[in-house]
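Colleague: Fold the following.
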Amino acid sequence: MPSGPPAVTPHADAQLGLAIGAAVLTTALTAVSFWLSFEALHDLASAHRLHGERAWAWPATVDSFIGIGELLILRASLLGRVDPWAIALTTAGSVGSIALNVAGVGVSDDPLDYVTAAVPPVAALLAFGVLMRQVHEFLVSRQSVLTAPPVPSAPPVTPVISTEATTEAPNITEPEEPERAPEDEPEVTEEPEPVTEPQKPQEPLTQREQIDQVVRHLYDELGNRRPATRHMVAALRDAGLPCSDGTARESRKRVETAEPHLKDLPDAIAA
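Modeller: The predicted model follows:
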């Protein structure tokens, strides 16, 4: 029967389409939000002695801190730690941008004027955060695929050995003493035993395998219950392994894929 490429399920197509659509819309929202915030800060700079190229460059001294801070937060999340400097930069950039956008309105009797001015910097902060979250999920899934251990393959050596043994046996036993042939037979049967004894030493577990081992042990430790994110993060932290929320959830997904019956266990959130 002809063998063709594996068919892609409609479920996988839907997931891929939704992921691409979310990434495109999030990127567009981020660009529009930053553009509106830049426009407002440009008008504020133009009204205070900055003109031309300097008026357009000045907003970058405020809004760029949002992008720098969230990129550093993404880097810290991938390393499984918290970066206070990244949080401080993101907070300073977002608070400063919101305050300056609102201040650019001046005195107004309509509260919606201030709301309109505050929406672009807030949207820029949230949209860029969502975009970094999507990048984080993509990098974590790609890292789990690249770190998968290779499957060892043993070459078939036995047929070559058997043919040589059959050709050499009659040449050696015929000219020499025929009485010693039965004595050599038990020695031949004992030879396969020491051949199978030496085994390759087990390679140390990879970091991903260590994480999965810690998470799998939690199901038994919690009394046949599915561990919550906080349980997995605490156990990984105690083991000295990466302990971000995304790392814990990805490990639980791999464990439950290998043992599907674990998905049916009750949650241990209240435990």
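
Colleague: Straight-line length of stretch 253-264, end to end?
Modeller: 13 Å (Cα to Cα, to the nearest Å).

Colleague: Check which helix or strand residue 34 maps to.
Modeller: Assessed by DSSP states H and E, residue 34 sits inside helix 10-46.

Colleague: In that helix, which residues are buried?
Modeller: Neighbour-count burial for helix 10-46, counted by 16 or more other Cβ atoms under 10 Å, picks out 26, 29-30, 33-34, 36-38, 40-42, 44-45. (Each C-beta comes from the backbone N, C-alpha and C, glycine too.)

Colleague: ditto for stretch 236-253
Modeller: Neighbour-count burial for stretch 236-253 [16+ other Cβ under 10 Å]: 236, 241, 242, 243, 244, 246, 247, 248, 249, 250, 251, 252.

Colleague: Identify the residues contacting the third one.
Modeller: Put plainly, it is residue 242. Applying Cβ atoms under 8 Å, 6 or more residues apart in numbering, we find residue 242 in contact with 79, 80, 207, 211, 236.

Colleague: and with 7 Å instead?
Modeller: Neighbouring residues of residue 242 by Cβ atoms under 7 Å, 6 or more residues apart in numbering: 80, 236.

Colleague: Please narrow the buried residues of stretch 236-253 to those residing in strands.
Modeller: When DSSP state E defines the strands, the subset of these inside them is empty.

Colleague: Name the nearest of these relative to residue 129.
Modeller: Ranked by distance to residue 129 (Cβ to Cβ), the buried residues of stretch 236-253 are led by residue 246 at 14.1 Å.

Colleague: So for this structure, the centremost residue is which one?
Modeller: For the chain, the residue nearest the mean C-alpha position is residue 140 (1.2 Å; Cα atoms, centre = their mean).

Colleague: Quick one: work out the angle between the helix or strand where that residue lies and helix 10-46.
Modeller: Per DSSP H and E, residue 140 falls inside helix 111-146. Counting by axes from the mean of the first three to the mean of the last three Cα atoms, to 10 degrees, helix 111-146 points 140 degrees away from the direction of helix 10-46.

Colleague: Pull the residues that contact stretch 81-97.
Modeller: Stretch 81-97 has contacts (Cβ under 7 Å, 6+ apart) with 37, 62-63, 65-66, 68-70, 72-73, 76, 121, 125.
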